[in-house]
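Enquirer: just coords:
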């Protein structure tokens, strides 16, 4: 298979005094794989040829990147990949002290504010069940709504840009961008919401890729998710990158503990060593059997074909070694992320504590004092309040004489 090379840059440094160019990696922007490098990594990691995995049709050619890893916008290895800033910030959060209830309440508040304003009935029907959803269900629904309506809004004009024109309502239920709910989360928690939610589901692009690999269907380089599980906004790529929802919500799950996984891994590694030693012994015995006393090897005679001959034991041992190696690899990546291991209380307990604190605040809240009536002055004799004059009235003339 011939792999195409991109045309190289015509840039040449003709002077030693020219300033050194700033590389792409100086700003840590290698958040995705270089597509012209990832296909080779995929082939090598699977132990299969590129021709077997990739189809070069419709212009989807396998090319070799002509830039160095420091000049390319994409990463050339897993070690070059850098997390996006908001994901890096979330990864460094202390999960045991982070205010998960505050995040939940802000997501709920956003949904209660914006979801009733949507026009599509298939979306509006979720309004009645918002309060009964658990945290994971709620934030996944928020992500669905935010993605749908933010994408729809980008395709609509602002009212100020349409002068005197009446536009028809689009499929999303709106005609103008101004009217579309944005599902924005307050208290500077939106980045954390995106970073957390993506850990609750698998990336559909990578799931399709793995299904094709499993059944032997060829793919193209455009079927690869370049973000990997490190930065993929669609979801995680491996089980070990996903949150255990039962552990997060209730603190209980059926997952194996890390100690159990370590014990099983050690046992498999012992089996691997024993089988590898057995294979080495067979190979050495075969070599020794063809060496004469004078140190010269005998030429191998062509053995007649015997359909009743026993299979080569080395083949079976190598197959067993590959099986154990894959089992160890799968075992090491078989455990979900457990925030309880990082000191987090189950969300159920955190929310109950919050409700109890709110109840105590309400019970100990001092009642507002009743409004104080203004005190009557001693001289008003009730005139100010009633507007009437009490007692008899004596009329006087212009010169002060009584009538």
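Expert: Cool, got the structure. In this text, all values refer to a predicted model and were calculated from it rather than measured experimentally.

Enquirer: helix or strand for the residue nearest to residue 253 when sequence neighbours are not counted, which one?
Expert: Spatially, and ignoring its direct neighbours in sequence, residue 253 is nearest to residue 246 (4.0 Å; Cβ to Cβ, 6 or more residues apart in numbering). Glycine gets a C-beta too; all of them are placed from N, C-alpha and C. Taking DSSP states H and E as the definition, one finds residue 246 inside helix 245-250.

Enquirer: show me where the chain has helices.
Expert: In the chain, the helices defined using DSSP state H lie at 35-46, 50-53, 85-91, 100-114, 121-124, 135-154, 190-197, 204-215, 228-231, 245-250, 258-289, 313-332, 347-363, 383-386.

Enquirer: report the angle between the first one and helix 204-215.
Expert: Going back to what we said before, that points to helix 35-46. Put simply, helix 35-46 runs at 40 degrees to helix 204-215, going by axes from the mean of the first three to the mean of the last three Cα atoms, to 10 degrees.

Enquirer: okay, buried residues for helix 35-46 please.
Expert: Buried residues in helix 35-46, counted by 16 or more other Cβ atoms under 10 Å: 36, 37, 38, 39, 40, 41, 42, 43.

Enquirer: what's the closest of those residues to residue 79?
Expert: Closest to residue 79 out of the buried residues of helix 35-46 is residue 41 (11.5 Å), distances taken as Cβ to Cβ.

Enquirer: contact partners for the closest one?
Expert: Residue 41 is in contact with 33, 77, 78, counting by Cβ atoms under 8 Å, 6 or more residues apart in numbering.

Enquirer: isn't the second one up against residue 45?
Expert: What that stands for is residue 77. No - with contact defined as Cβ atoms under 8 Å, residue 77 does not reach residue 45; the gap is 11.4 Å.

Enquirer: how close does residue 267 sit to residue 134?
Expert: 37 Å (Cβ to Cβ, to the nearest Å).

Enquirer: can you check residue 324 too?
Expert: 39 Å.

Enquirer: cool, and residue 372?
Expert: Distance, residue 372 to residue 134, using Cβ to Cβ: 49 Å.

Enquirer: got a pLDDT number for residue 210?
Expert: Listed pLDDT for residue 210 reads 93.

Enquirer: how many residues are close by it?
Expert: If you count neighbours by other Cβ atoms under 10 Å, residue 210 ends up with 12.

Enquirer: how much space between it and residue 224?
Expert: Going from residue 210 to residue 224 by Cβ to Cβ gives 11 Å.

Enquirer: if we can go back for a sec, between the helices of the chain, which gets nearest to residue 63?
Expert: Nearest of these to residue 63, taken as Cβ to Cβ: helix 35-46 at 4.7 Å.

Enquirer: most neighbours of all the contacts of residue 41, which one?
Expert: Tallying neighbours with other Cβ under 10 Å puts residue 33 at the head of these, with 24 neighbours.

Enquirer: quick check: that one touching residue 230?
Expert: No - using Cβ under 8 Å, residue 33 is not in contact with residue 230, being 10.1 Å away.

Enquirer: now list whatever residues contact both of the two.
Expert: Both residue 33 and residue 230 are contacted by residue 81, under the criterion Cβ under 8 Å, 6+ apart.

Enquirer: for stretch 242-251, which residues meet the burial criterion?
Expert: 242, 243, 244, 245, 246, 247, 248, 249, 251.

Enquirer: quick one: which two of the residues you listed are the most distant?
Expert: For the buried residues of stretch 242-251, and using Cβ to Cβ, no pair is farther apart than 242 and 251, which are 17.3 Å apart.
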